[in-house]
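Undergrad: Task: produce atomic coordinates for the following.
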Amino acid sequence: MALWKEAGTPGAGPSPVAPSTTVPERTPVEGATIPARSKPRERTEGGDSVIAANLTIEGKIEGSGNVRMAGRFKGDVRIDGNFNIESGAHLTGQVLAGIVVVGGELQGNIESAKRVDVLEGGVIVGDVKAGSITVAAGSRMRGHVEFGWEDDKPGKVDSGRKTDGI
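TA: Next comes the predicted model:
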């Protein structure tokens with residue numbers, strides 16, 4: 001059953017002169033329901049991005065939103081969001097993100113993260129500076145770790161005394 005009447009059918013109006021070059025007019029059949037089109041999804045600022053397991057990319061990642069990496073990436077990552085290196089993934093470069101989860105391998109430093117989670121099987125070869133760090137059994141790390149410090153420089157205490165020798 002057709003949901004419309006095409007031009008050229010009896011009772012539908014005049015027939016086109018050249019049917020091969022004109023598009024037939026379509027009008028809804030009385031009583032037929034036309035399904036509503038779904039609205040396109042709105043893009044939100046800072047959406048999630050995924051680097052798939054079968055990809056190898058070299059470059060730089062910058063921006064906002066969360067990034068989940070399952071493939072291989074060579075370059076620096078600087079995002080206002082969370083960064084997840086999944087099991088089997090490999091990153092060579094520096095990471096600056098809010099929360100960093102390492103389930104794969106990172107060869108590089110993590111700078112100024114709020115939190116770093118090193119999952120079982122996760123490997124970090126580099127320095128880590130974070131508000132807090134969680135290390136699971138079965139993970140490995142080689143490097144320097146600083147956590148729990150505020151952004152103030154450690155050791156800079158103002159005691160009110162002059163230290164210039166006068």
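Undergrad: Per-residue pLDDT of the nearest residue to D48 once chain neighbours are set aside, please?
TA: Among residues not flanking D48 along the chain, N66 sits closest, at 4.7 Å (Cβ to Cβ, 6 or more residues apart in numbering). For glycine as for every other residue, the C-beta is placed from the backbone atoms N, C-alpha and C. We have a pLDDT of 95 for N66.
Undergrad: what number of residues lie near N66?
TA: Residues near N66, counting by other Cβ atoms under 10 Å, number 18.
Undergrad: gap between it and A137?
TA: 26 Å (Cβ to Cβ, to the nearest Å).
Undergrad: And the residue nearest to A89 when sequence neighbours are not counted, its phi and psi?
TA: Nearest in space to A89, with sequence neighbours left out and distances taken as Cβ to Cβ, 6+ apart, is G104 at 3.5 Å. Backbone torsions of G104, given as degrees, to the nearest 10, read phi -100, psi -140.
Undergrad: surely G104 meets G122?
TA: Yes: with contact defined as Cβ atoms under 8 Å, G104 and G122 form a contacting pair (6.7 Å).
Undergrad: can you pull the contacts of A70?
TA: Residues near A70 by Cβ atoms under 8 Å, 6 or more residues apart in numbering: V50, I51, A52, A53, E86, G88, A89.
Undergrad: G104 and G122: which is more packed in?
TA: Between G104 and G122, counting by other Cβ under 10 Å, G122 is the more crowded of the two (24 against 21).
Undergrad: Could you tell me which residues make contact with D48?
TA: G65, N66, V67, R68.
Undergrad: how close does it get to A113?
TA: 18 Å.
Undergrad: go on, E62?
TA: Counting by Cβ to Cβ, the gap from E62 to A113 is 16 Å.
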